[in-house]
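1. any chance you can model this:
(one chain, ligands or ions: 2)
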Amino acid sequence: MFRRFEKKPAKPAAPSLVPGGKAPEAAKPAAKPAAKTAPAVGLDIPKPAPKPKPAQSAASQMDPKEEKRMARLLDIRMDLHKRLLETLNLAALERASDEDLRREVSAIAREGLREMGIVLNASDQEEVIQGLMDEVVGLGPIQPLLDDPTVNDILINGSQQIFVERAGKLELTPVRFKDERHLMRIIDKIVSAVGRRVDESSPYVDARLADGSRFNAMVPPCAVDGSLVSIRKFTKEKLSIDQLIEFGAFNEAMATYLQAAVSTRLNIIVSGGTGSGKTTTLNALSGFIDDAERIVTIEDTAELQLQQVHVGRMESRPANVEGKGEVSQRDLLRNALRMRPDRIIVGETRGDEVIDMLQAMNTGHDGSMTTIHANSARDAIARLENMIAMTGVELPLKASRAQIASAVNLIVQISRLQDGSRRMISITEITGMEGDIIQMQEIFKFKRTGIDENGKILGEFVSGGLRSAYTERFKQWGFELPSDIYAGGDL
Ligand SMILES: Nc1ncnc2c1ncn2[C@@H]1O[C@H](COP(=O)(O)OP(=O)(O)OP(=O)(O)O)[C@@H](O)[C@H]1O
Ligand SMILES: [Mg+2]
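-> Residues are numbered from 1 along each chain as shown. Ligands and ions are numbered 1, 2, ... in the order given. Alright, predicted model coming up:
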């Protein structure tokens, strides 16, 4: 378990990472005196969190017989569904309990099978009935994937191709929709539940499923070979600092450093590619924020789950079908400034809110955090510059760089490597400007050493021995970090 650095009063005694005799008053679980040595951080590939049973649909390589059987069951299920819609009282459906509904659905299914002259063995029949239930109350064929806790993402490329991501790896599933119309019906079901519409005239939509999962759909004609759907599953249990260390996302020295950085209110940008773990990292970092602080979060889709008591959550809203009522992240950010926040957390900075975000960071809302879509710390800066330029604010490059350099203290770069593992590949401090150039220093990085026979990437987290430029600040706040956290070999 990661033992948090125990903050010392401003005039510190000898630096030490070992918790002293006294436990902090709040008796944080992290400060268990029993823990003797921290577990070594394995460099093998992150295992997914302990998972309950995987779904039956895991096989990506299916034998043709099985494929045929599933296609037949799907046909039967769709026929039965048609009958069901004719017979079932849809208004009563809303009020029926799951059990009643299941009984009703089973009865109609059995009768339908008899009338169609179809004989199924018991397990196939059960599968058809479950599938029907999923059609009626759930999201059809993808419902089992939504229920499967080992699945992180569901990616649908037209009705016949559905991929999932498990433990960082994409796999093709045997799950199919009957046809494009079937897929469209499920998409409609999702978007109409949130009062939106998707069709040829507005062919894409963002929505949130009832369980909090993030949903995006793009339908034909813009989607060329059938509707494209992407779902990022909502996980109730966000990965903690401890789990991330255990999975090899970063090591204890880095965690100690990040604890100091967050606690001393550095402005932090988490940068990474799509699905690299930006939101997860932001969420975990927020765990270092003091409970006494007032935090306001701003997101396009509310995903963050902060553990603090005092959190105001806001979510932007797209325009309605008449093109009215949009509330952008920028609007929310401006409003947030009037809400007396100690810290502002923007889920992802991607547009003109960048100006207000940097201004907030520069003017008293230090300790703010956000994520950005970029592949390196330099790239993150370039993205910020671009975003500023795109807002139409006439700012010379040097001025926008100066703005960025004084607003942002730290860039945490994460990446999903080819083997599916997600790692913090660099922690970089912004130290100022020299001429037109923003100065940075890398404090930690992940150094690859090779690849093993299973394709797993080997490597270690290293630090070049450079002391943090914020050492003095850390010290003033009671975080006199032991210098050996920076000693770890060459960068
Ligand atoms: N270090 C890690 N080890 C294992 N799984 C991880 C790790 N970090 C994140 N994940 C998982 O990866 C998935 C994607 O993470 P997350 O949503 O944080 O990515 P993101 O970069 O914010 O994605 P997007 O660009 O789509 O917003 C989640 O299901 C999360 O639980
Ligand atoms: Mg995200």
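2. okay, buried residues for the helix or strand that contains E385 please.
-> Assessed by DSSP states H and E, E385 sits inside helix 377-390. In terms of neighbour count (16 or more other Cβ atoms under 10 Å), helix 377-390 has its buried residues at A377, A380, I381, R383, L384, E385, M387, I388. For glycine as for every other residue, the C-beta is placed from the backbone atoms N, C-alpha and C.
3. can you lay out these as CSV showing distance to D124 and pLDDT?
-> What follows is the buried residues of helix 377-390, written out as CSV (distance: Cβ to Cβ, whole Å; pLDDT from 0 to 100):
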residue, distance to D124, pLDDT
A377, 55, 96
A380, 53, 97
I381, 58, 97
R383, 52, 97
L384, 56, 96
E385, 59, 95
M387, 54, 95
I388, 60, 95
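4. distance between whichever strand in the chain runs longest and the chain's centre?
-> Within the chain, and with DSSP state E defining each element, the longest strand by residue count is strand 437-451. Taking Cα atoms, centre = their mean, to the nearest Å, one finds strand 437-451 lying 24 Å from the centre of the chain it belongs to.
5. give me the contact list for that strand.
-> Identification of contacts with strand 437-451 by Cβ atoms under 8 Å, 6 or more residues apart in numbering yields 250, 253-254, 257, 377-378, 381, 401, 404-405, 411, 419, 423-433, 457-464, 466, 468-469, 486, 488-489, 491.
6. do stretch 291-311 as well
-> Taking Cβ under 8 Å, 6+ apart as the rule, stretch 291-311 contacts 206, 208, 212, 214, 232, 234, 236, 238, 279, 282-283, 286-287, 289-290, 312-316, 329, 332-333, 336, 339-348, 353, 367.
7. give me the mean pLDDT for it.
-> The average pLDDT within stretch 291-311 is 91.
8. return the set of buried residues in it.
-> 295-306, 311.
9. of those, closest to ligand 1?
-> Distances from ligand 1 to those, taken as Cβ to the nearest ligand atom, are shortest for E303 (6.8 Å).
10. can you tell me the residue of the stretch 351-491 of the chain closest to ligand 2?
-> Among residues of the stretch 351-491 of the chain, the one nearest ligand 2 by Cβ to the ion turns out to be T371. It sits 6.3 Å away.
11. checking that residue next. Helix, strand or coil?
-> strand (DSSP: H, G, I helix; E, B strand; the rest coil).
12. who touches it in this structure?
-> By Cβ under 8 Å, 6+ apart, the neighbours of T371 are I269, V270, S271, G272, K278, T279, T281, L282, V346, G347, E348, T349.
13. in strands only, show me these.
-> Cross-referencing the contacts of T371 against strands under DSSP E gives I269, V270, S271, G272, V346.
14. ok so, going back, so which of the buried residues of helix 377-390 reach ligand 1?
-> Among those, no residue lies close to ligand 1 (Cβ under 6 Å from any ligand atom).
15. tell me which two of the residues you listed sit farthest apart.
-> The most widely separated members of those, counting by Cβ to Cβ, are A377 and I388 (17.2 Å).
16. contacting residues for A253?
-> Contacts for A253 were tallied using Cβ under 8 Å, 6+ apart; they are F444, F461, S463, I485, Y486, G488.
17. leaving out the residues flanking it, which one is nearest to G226?
-> G158 (2.7 Å; Cβ to Cβ, 6 or more residues apart in numbering).
18. need the pLDDT of the one you found.
-> Here the pLDDT value assigned to G158 is 96.
19. buried set for the longest strand of the chain?
-> Residues I438, M440, E442, I443, F444, K445, F446 are the ones in strand 437-451 that count as buried (16+ other Cβ under 10 Å).
20. fine by me, we can end here.
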